[in-house]
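S.K.: could you look at this predicted model? Sequence included:
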Amino acid sequence: MAFPLLGLLPFAEKLVDRIFPNPSDAAEAKLKLLELEQTGQLAVLAAETDLAKGQQSINLEEAKSANLFISGWRPFIGWTCGSAFAYHFILQPLIAFGFAMAGERVDLPVFDMDALFTVLMGMLGLGGMRSFEKSRGVSSK
């Protein structure tokens, strides 16, 4: 949830200028507004960080599991998406080309790439954030 003052600071500063004709009083009120905005931004950032830490601990516990259905679902989804991409972008065009060269016309199955992109980009996004953290020295593992 975003803090209510986020994005309203320029409007609030103009309002403060009209309410407080004294420049020092106006500057003090603007400083308080800025502090409120920063507090709100920090609260949002802290909530997002806590959520990410919670998800990370869940992922770690899943990876430790001896049950393949718990620890293996992420690699399974990754390999499934990778296989589907390999088929769609490499194998299917080569197979179609081979049949065309042989004078045959074959309709090969086509995947719903929109759904596949949604799943894969979600997984790659998480991987991308992990790589970003490692590059910044936030995570050593």
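M.R.: Alright, I've got the coordinates. Residues are numbered from 1 along each chain as shown.
S.K.: switch to C-alpha atoms for all contacts and neighbour counts from now on
M.R.: Noted.
S.K.: low-confidence stretches in this protein?
M.R.: 1-18, 42, 125-141 (pLDDT under 70).
S.K.: what do you get if the cut-off is 80, keeping everything else the same?
M.R.: Across the chain, residues meeting the criterion (pLDDT under 80) sit at 1-23, 25-47, 52, 55, 59, 111, 121-141.
S.K.: what about the strands in it?
M.R.: Shown for the chain, no strands are assigned by DSSP state E.
S.K.: how near is Leu31 to Glu37?
M.R.: Distance, Leu31 to Glu37, using Cα to Cα, to the nearest Å: 10 Å.
S.K.: the more surrounded of the two?
M.R.: Glu37 (19 against 13; other Cα atoms under 10 Å).
S.K.: where's the more buried one relative to Leu68, distance?
M.R.: With Cα to Cα as the criterion, Glu37 and Leu68 are 47 Å apart.
S.K.: next: Ile58.
M.R.: 16 Å.
S.K.: report how many residues lie close to Phe76.
M.R.: Residues within reach of Phe76, counting by other Cα under 10 Å, total 12.
S.K.: could you do the one 10 residues further on as well?
M.R.: By other Cα under 10 Å, 12 other residues sit near Ala86.
S.K.: what do you get for the one 5 residues further on?
M.R.: Leu91: 14 surrounding residues under other Cα under 10 Å.
S.K.: ok, now Ile77?
M.R.: Around Ile77 there are 14 residues (other Cα under 10 Å).
S.K.: please apply the same query to Ala26.
M.R.: 19.
S.K.: quick one: the residue lying closest to it once chain neighbours are set aside from Ala29, how far?
M.R.: Closest residue to Ala26 apart from its sequence neighbours, by Cα to Cα, 6 or more residues apart in numbering: Phe20 at 5.2 Å. According to Cα to Cα, Phe20 and Ala29 sit 8 Å apart.
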